[in-house]
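**Q** make a model of this:
(chains A and B)
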Amino acid sequence: MDAVKKSEELPVLQVSGLKTEFPTPRGIVHAVRGIDFTLEKGDILAIVGESGCGKSASLLSIMRLIPHPGRIVEGSIKFEGKELLRFSKAEMRGVRGKDMAMVFQDPMTTLNPAYRVGEQISESLQVHGLLSGFPKRLLRREREKERAKVMELLRQVGIPSPEHRHLEYPYQFSGGMQQRILIAIALACRPKIILADEPTTALDVTVQAQVLDLMQEINEEFGTSIILVTHDLGVAAEFCDKAAVMYAGQIVESGNIEDVLSSPLHPYTQGLLRSIPQIGQRNELIPIEGDVPDLTDLSPGCSFAPRCRDAYSYCNNIEPPLIVLDNGREVRCHLHM
Amino acid sequence: MSVNAEHVDSLKRRSLGSDTYTLDTPVPGISRRPWSGFRNISGILFKLKNHPGAIVGGFVILAYVICAVFAPYIAPHSPGEVALAKRFVPPVIGSINPLGTDQLGRDILSRIIYGARVSILVGVLTVAISMVIGVGLGLIAGYYQGSFDKIMSRFTDLLLAFPYLIFVIGAMSVLGPGFWNLILALCFKGWVEFYRLSRAEVMSQKASEYVEAARALGRTDGAIMISEILPNIIHSILVLGTLRMGNMIVMESSLSFLGLGVPPSIPAWGSMVSDGRRYMLNAWWVATLPGLALVVLVLAINLVGEGLRDVLDPRLKEN
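**A** Prediction:
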């Protein structure tokens, strides 16, 4: 009982000072430049930002799946107090899929086209020893057990008539149904955290809402923490408790989602909100001028300064510190010193 | 949103954490089919029905295989039975030597039937061994890339720079004639094409997200290569294997023709053609009939290979 209490007190995931780099012929790409955040049990955190700002790289870093030759340079990733960066490869494999599961962007390519979906769902249970593996799973008793588990998972993610559909191949499912299958795979081992990398980008709007509802229900039902990477502020607003806005590999602003969206502090967040059309208002959209900075060649100062409307002259030279405000808000900007 | 309401319901009814499976409550309409295995074979056979050439080829191959396996029961004479009194008997259907006899009076039909053993065995064994070596190395090289891939690929380029037949002749003259030396010599270069094909296929599959998803699931590299990627590339490997089998058989016959193949005591089509060549003007059947047997078998194998390619290759499916 004591152990249970203890693990509940610790945050599920604590990331601090995480830096990830990719060496390229043009120079080192600083994809993630020292991000910090804490994910409590049952939290839904949105990581928002435009393309190329390091959202996906952050998720992959947390799973330690950064493809070679990219590497995590420094920082710490603590899962329930255990330092993941010190885990061996084998220990890390034990965490992936079991404690932390991923939902990817494009369900069509994420499912293996050569296997029935039922097999793919039971696969992660076999990998982590929750179902018997190859020779033993041919036993009738094990097959029944496997089928029951798969059926239960398919029902949980709202696949109609799972008793037929678990025998079908991925191409026989629609995009939304495929994403549900992926969520079922992610759910199979009942992970503590689900890392969702733009899970709804490939889906149309109504299906998007269904998939998000499903993830919200899973969060409420099982207390699974979710990190949702998205570039859609609407999705983040509707679905998440907390938000972290990323720009050029840094979290520039974070806090409760309502606070961040209703009173954005960082000029980048303000700019993002100004560039979203709102129904019933005829205000002209104001885009953020300029482009994302080159991550191989960053200025010593604030990386947003060249595009910032409110920049002071020193913004280009002096890196803004992370300013902690009340109510758990943090912002990285000279304007709030 | 009815689907949604349904699954909210089901979420409430069932809890994921409970490990109590009620095994005695049957799920209605559940299929008893096993989940994995040779599930595609029947589908492939069904699609092949639109390829009459492949079906005919399949039956021809089947006939050859039966002849090879049951040669002692099917052949009317022993292949080595010399009868100098009956030299160069011309083929007459229905006689005791339906396809005639050669310069030593040996029955040509029996020798062709026995010769199928060498050809088919060489074809199957070399392709199987080459496939295992080539695909194994190709999986590793395509998956990890890096320096292993670079070294292997330059090595295969080197091997490919030699013409196949010249290479095998060289290898055989070093190794000396013999059945296993022949297999060794053919495999020594035969794996290269399987390596290159599977390496390229793995590299294109590796970019797919399902490979990354499998890693995110905690699978090992070996498991990803064998049980995630291999099933997706096995089709093209099988097609290549079938087409290579015809090549290997021709190669074996070429070597036997040159006297570098199996020992002369074992009947082989290539050496039969070579022996009969000298009597071509007087007794055409001695060289022609074994050659014909070879042509028909290789043609049949190629027809099946092409049929398989049409059925298995999704890129050709549309036309």
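
**Q** who does whichever strand or helix holds B:E193 touch, helix- and strand-wise?
**A** Taking DSSP states H and E as the criterion, B:E193 maps to helix B:179-206. Contacts defined by 3 or more C-beta pairs under 8 Å, 6 or more residues apart in numbering or on different chains; DSSP states H and E place helix B:179-206 against helix B:108-144, helix B:146-160, helix B:164-175, helix B:230-257. Bear in mind the C-beta positions are built from the backbone N, C-alpha and C, glycine included.

**Q** please work out which residues outside the second one touch it.
**A** Just to be clear, that refers to helix B:146-160. The contact list for helix B:146-160 (C-beta atoms under 8 Å, 6 or more residues apart in numbering or on different chains) reads B:137, B:140-142, B:167, B:189, B:192, B:195-196, B:199.

**Q** tell me the pLDDT at the residue nearest to B:V298 when sequence neighbours are not counted?
**A** The shortest distance from B:V298 to any non-neighbouring residue, by C-beta to C-beta, 6 or more residues apart in numbering or on different chains, is to B:G246 (4.3 Å). Listed pLDDT for B:G246 reads 93.

**Q** A:A114 contacts B:I229, correct?
**A** No - when contacts are counted by C-beta atoms under 8 Å, A:A114 is not listed as touching B:I229 (9.1 Å).

**Q** just put the helices and strands packed on helix B:179-206 in TSV and tack on mean neighbour count.
**A** Putting those into TSV (neighbours: other C-beta atoms under 10 Å in any protein chain shown) gives the following:
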stretch	mean neighbour count
helix B:108-144	22
helix B:146-160	13
helix B:164-175	16
helix B:230-257	21
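
**Q** got JSON lines for those, with distance to A:E83 too?
**A** Output for these, formatted as JSON lines (distance: least, C-beta to C-beta, whole Å):
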{"stretch": "helix B:108-144", "distance to A:E83": "28"}
{"stretch": "helix B:146-160", "distance to A:E83": "28"}
{"stretch": "helix B:164-175", "distance to A:E83": "55"}
{"stretch": "helix B:230-257", "distance to A:E83": "35"}
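
**Q** so which of these comes closest to A:T230?
**A** Closest to A:T230 of these, according to C-beta to C-beta: helix B:230-257, at 30.0 Å.

**Q** which other helices and strands contact the closest one?
**A** helix B:108-144, helix B:164-175, helix B:179-206, helix B:269-276, helix B:284-312.

**Q** helix/strand/coil for the residue in chain A that chain B sits nearest to?
**A** Shortest chain A-to-chain B distance, computed as C-beta to the nearest C-beta: residue-wise this is A:G158, at 2.6 Å. The three-state label given to A:G158 by DSSP: H, G, I helix; E, B strand; the rest coil is coil.

**Q** is it true that it touches A:R180?
**A** Yes - applying C-beta under 8 Å as the test, A:G158 and A:R180 come out as touching, 6.2 Å apart.

**Q** do you have the strands of chain A handy? List them.
**A** For chain A, the strands defined by DSSP state E occupy A:13-24, A:27-39, A:44-48, A:71-79, A:82-83, A:100-103, A:193-197, A:225-230, A:242-247, A:250-256, A:323-324, A:330-331.

**Q** can I get those in JSON lines with mean pLDDT and distance to B:Y279?
**A** As requested, these are exported to JSON lines (pLDDT from 0 to 100; distance: least, C-beta to C-beta, whole Å):
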{"stretch": "strand A:13-24", "mean pLDDT": "92", "distance to B:Y279": "71"}
{"stretch": "strand A:27-39", "mean pLDDT": "91", "distance to B:Y279": "75"}
{"stretch": "strand A:44-48", "mean pLDDT": "93", "distance to B:Y279": "84"}
{"stretch": "strand A:71-79", "mean pLDDT": "93", "distance to B:Y279": "73"}
{"stretch": "strand A:82-83", "mean pLDDT": "92", "distance to B:Y279": "84"}
{"stretch": "strand A:100-103", "mean pLDDT": "92", "distance to B:Y279": "73"}
{"stretch": "strand A:193-197", "mean pLDDT": "93", "distance to B:Y279": "75"}
{"stretch": "strand A:225-230", "mean pLDDT": "93", "distance to B:Y279": "80"}
{"stretch": "strand A:242-247", "mean pLDDT": "92", "distance to B:Y279": "85"}
{"stretch": "strand A:250-256", "mean pLDDT": "92", "distance to B:Y279": "88"}
{"stretch": "strand A:323-324", "mean pLDDT": "90", "distance to B:Y279": "101"}
{"stretch": "strand A:330-331", "mean pLDDT": "92", "distance to B:Y279": "96"}
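
**Q** deepest of these, which one?
**A** Of all the strands of chain A, strand A:100-103 has the most neighbours on average by mean count of other C-beta atoms under 10 Å in any protein chain shown, namely a mean of 28.

**Q** quick check: the residue of chain A closest to chain B vs A:D36, distance?
**A** To A:D36, A:G158 is 36 Å away according to C-beta to C-beta, to the nearest Å.

**Q** that older thread, is it true that the residue nearest to B:V298 touches B:L303?
**A** No - using C-beta under 8 Å, B:G246 is not in contact with B:L303, being 9.6 Å away.

**Q** now the helices for the stretch 201-337 of chain A?
**A** With DSSP state H, counting those that start in this stretch as the criterion, the stretch 201-337 of chain A has helices at A:205-222, A:233-239, A:257-262, A:267-274.

**Q** would you mind giving those as TSV with mean neighbour count, distance to A:E80 and mean pLDDT added?
**A** Output for those, formatted as TSV (neighbours: other C-beta atoms under 10 Å in any protein chain shown; distance: least, C-beta to C-beta, whole Å; pLDDT from 0 to 100):
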stretch	mean neighbour count	distance to A:E80	mean pLDDT
helix A:205-222	18	16	88
helix A:233-239	18	24	86
helix A:257-262	18	24	90
helix A:267-274	20	31	88
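
**Q** thinking again about what came up before, would you list the phi and psi of the residue of chain A closest to chain B?
**A** Here is the backbone geometry of A:G158 (degrees, to the nearest 10): phi 80, psi 40.

**Q** quick one: the strands of chain A as a markdown table, columns for distance to chain B too.
**A** Listed next are those as a markdown table, based on distance: least, C-beta to the nearest C-beta, whole Å:
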| stretch | distance to chain B |
| --- | --- |
| strand A:13-24 | 15 |
| strand A:27-39 | 16 |
| strand A:44-48 | 17 |
| strand A:71-79 | 14 |
| strand A:82-83 | 16 |
| strand A:100-103 | 4 |
| strand A:193-197 | 8 |
| strand A:225-230 | 13 |
| strand A:242-247 | 21 |
| strand A:250-256 | 23 |
| strand A:323-324 | 33 |
| strand A:330-331 | 29 |
